[in-house]
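Chemist: Provided below are the primary sequence and the corresponding predicted coordinates.
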Amino acid sequence: MSKRTYVLAIDQGTTSTRAILFDAAGTIVAVDQREHRQILPRAGWVEHDGIEIWDNTREVVGGVLGKANVNRGSVAAVGITNQRETTIVWDRATGQPIANAIVWQDTRTGRLVQELAGDEGPNRHAARTGLPLATYFAGPKARWLLDSVEGARERAEAGELLFGTMDTWLIWNLTGGVDGGLHITDVTNASRTLLMDLETLQWDSDLCAAIGLPMAMLPEIRSSSEVYGVCQPGSGLLADVPVAGILGDQQAATFGQSCLTRGMAKNTYGTGNFMLLNTGTEIVPSRNGLLTTVCYRLGDEPAVYALEGSIAVTGSLVQWLRDNLGIIGSAPEVETLALGVADNGGAYFVPAFSGLFAPYWRPDARGAIVGLTRFVDKGHIARAALESTAFQTYDVLQAMNADSGVDLTELKVDGGMTANDTLMQFQADLLGVEVIRPVVTETTALGAAYAAGLAVGYWSSTDDILANWQESKRWSPRMATADRDRLLRGWAKAVERTLNWVDDDVEQ
């Protein structure tokens, strides 16, 4: 094991950036966090300021080292985890983004992906990419920027512009920026672009041509765990510390949950929900609306793949109740409000704010609250909002069982919403399986730390990761089958009501 004491994870998420120090037991030593603005220029558009996020990254690194009362000499390596499909394009000479980053939730590319699908439909490139053509993914977002920012395409073709997801942006800045910063990504993030071949793990020239991106602007694809380079003095307080791990946030959570064996699955409850099932070294195509994605790749070892069910809006719905409706003052209050009523009062909330993701893939859907009567009050709305997370997860698990051919018997869970006991019990009731929460719920950052630590010998092997995982709480199903069937029948009707909302003459 390295003589250095800790591993640092930078967790660049949808609403905030955090730095977390972990020790060898996978225990959190210190945390620092900064929120960034959610820029909403028009309906369906969601943007972030890349410079703001980079500034916040340097602040949280300094903050976490200060809280732990240590310096860079105590840090063995840095791992990066990030909101995956969020897309940024910047000038390699100045380091300035050509526009705000386009966030994974953004739907502005709706018409573009329809055009890209053509007569063959949204699965046109799924055999190579594992993905449907959808607004979710990074390639069409970058294409939109080149088409919409004056002069951008010409500059990109001349090699003046760089493309990346947020891992690429942060590592370029950490390792020198305009003074030789590394322009890289890892296989997990690359697998979310619609530009990488799942088998070769390289950019595919035909896919790039079909999407409309010059390959000169793409980063080099690397494994998820290796020493890529070292932080430079301009990065703040981490000069000379190796950058040694990159994992997209949901793959990082899977790794942090020790789902290292084929057939193991986890579900992360964050801004959205993301369930991943480890399929080992086999690429398993989905026939039920899931994504086939890279789970992780450790150095020169074969890549491990996963099936994923991605849900756009779960935790962010609680934020919406707080910020847009004002019926709660803080996120934990949603459980208190929901517990004030016995059930949902017949109300269902389908939060299709960005269309519906897995297993439906319907960008034409929009959010709806249905089943309203005069009996329904804000407690019922709060409960319906919480329950929507569990209902959407049920839909994904049914698809996952169908694709894998094996019914899951337990589900590991993590993320902020797992602190909500009411939601977790309802989730176990709907799924009919054990729901298990680990002691360390910050599994996204922990996974990135593990990837980095393995690369520098801080942890000797994945056996150390398995040994660190500990169960905190378990929920067992207890709902009567008739009640579950009735609730699921109502949910299915509610989902149906949200479809076909966006017409051709409405901006998606």
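Modeler: Cool, the structure landed.
Chemist: what's the burial count for residue 458?
Modeler: Residues contacting residue 458 under the criterion other Cβ atoms under 10 Å number 25. C-betas here are computed from N, CA, C, even on glycine.
Chemist: Phi, psi for it please.
Modeler: phi -60, psi -40 (degrees, to the nearest 10).
Chemist: pLDDT wise, what is residue 385 at?
Modeler: Predicted confidence (pLDDT) for residue 385: 93.
Chemist: Tell me where the stretch 201-350 of the chain has helices.
Modeler: All helices of the stretch 201-350 of the chain, identified by DSSP state H, counting those that start in this stretch, fall at 205-211, 249-256, 315-320, 333-338.
Chemist: What residues of the last one count as buried?
Modeler: Neighbour-count burial for helix 333-338 flags 334-335, 337-338 (criterion: 16 or more other Cβ atoms under 10 Å).
Chemist: Which two of these have the greatest separation?
Modeler: The largest separation in these, counting by Cβ to Cβ, is between 335 and 337 at 7.3 Å.
Chemist: so where's this structure shaky on pLDDT?
Modeler: By pLDDT under 70, the low-scoring segments of the chain are 1-3, 504-508.
Chemist: in it, what residue sits furthest out from the centroid?
Modeler: What lies farthest from the middle of the chain is residue 374; by Cα atoms, centre = their mean that is 37.8 Å.
Chemist: what residues are up against that one?
Modeler: Contacts for residue 374 (Cβ atoms under 8 Å, 6 or more residues apart in numbering) come out as none.
Chemist: what's the distance between it and residue 345?
Modeler: Noted for residue 374: a distance of 10 Å to residue 345, by Cβ to Cβ, to the nearest Å.
Chemist: before we move on, the earlier item: between the buried residues of helix 333-338, which is nearest residue 145?
Modeler: residue 334 (35.8 Å).
Chemist: List the contacts of the closest one.
Modeler: Contacts of residue 334 by Cβ under 8 Å, 6+ apart are 318, 321, 328, 382, 385-386, 420.
Chemist: Buried ones among these?
Modeler: Of the contacts of residue 334, these count as buried by 16+ other Cβ under 10 Å: 318, 321, 328, 382, 385-386, 420.
Chemist: Overlap of the contact sets of residue 374 and residue 345?
Modeler: By Cβ under 8 Å, 6+ apart, no residue touches both residue 374 and residue 345.
Chemist: which of the residues in stretch 113-133 are buried?
Modeler: 113-114, 116-117, 122, 124-126, 128-133.
Chemist: And the residue farthest from the centre of the chain, how far from residue 321?
Modeler: In terms of Cβ to Cβ, residue 374 sits 21 Å off from residue 321.
Chemist: Hmm, residue 372 is touching residue 347, no?
Modeler: Yes - at 5.9 Å, residue 372 counts as touching residue 347 under the criterion of Cβ atoms under 8 Å.
Chemist: These two: which is more packed in?
Modeler: Between residue 372 and residue 347, counting by other Cβ under 10 Å, residue 347 is the more crowded of the two (23 against 14).
Chemist: Against residue 45, how distant is the residue nearest to residue 35 when sequence neighbours are not counted?
Modeler: Leaving aside its sequence neighbours, residue 35 sits nearest to residue 16 (Cβ to Cβ, 6 or more residues apart in numbering; 4.4 Å). Per Cβ to Cβ, residue 16 is found 20 Å from residue 45.
Chemist: Please apply the same query to residue 160.
Modeler: Remark: distance between residue 160 and residue 45 (Cβ to Cβ) = 26 Å.
Chemist: Could you do residue 195 as well?
Modeler: 22 Å.
Chemist: ranges for the helices of the stretch 351-500 of the chain?
Modeler: Under DSSP H, counting those that start in this stretch, the stretch 351-500 of the chain gives helices at 378-404, 421-431, 443-456, 462-468, 481-498.
Chemist: Can you say which of those helices is nearest to residue 265?
Modeler: helix 378-404 (7.1 Å).
Chemist: Looking at residue 195 and residue 45, which one has more neighbours?
Modeler: Applying other Cβ under 10 Å to residue 195 and residue 45 shows that residue 195 carries more neighbours, namely 27 against 16.
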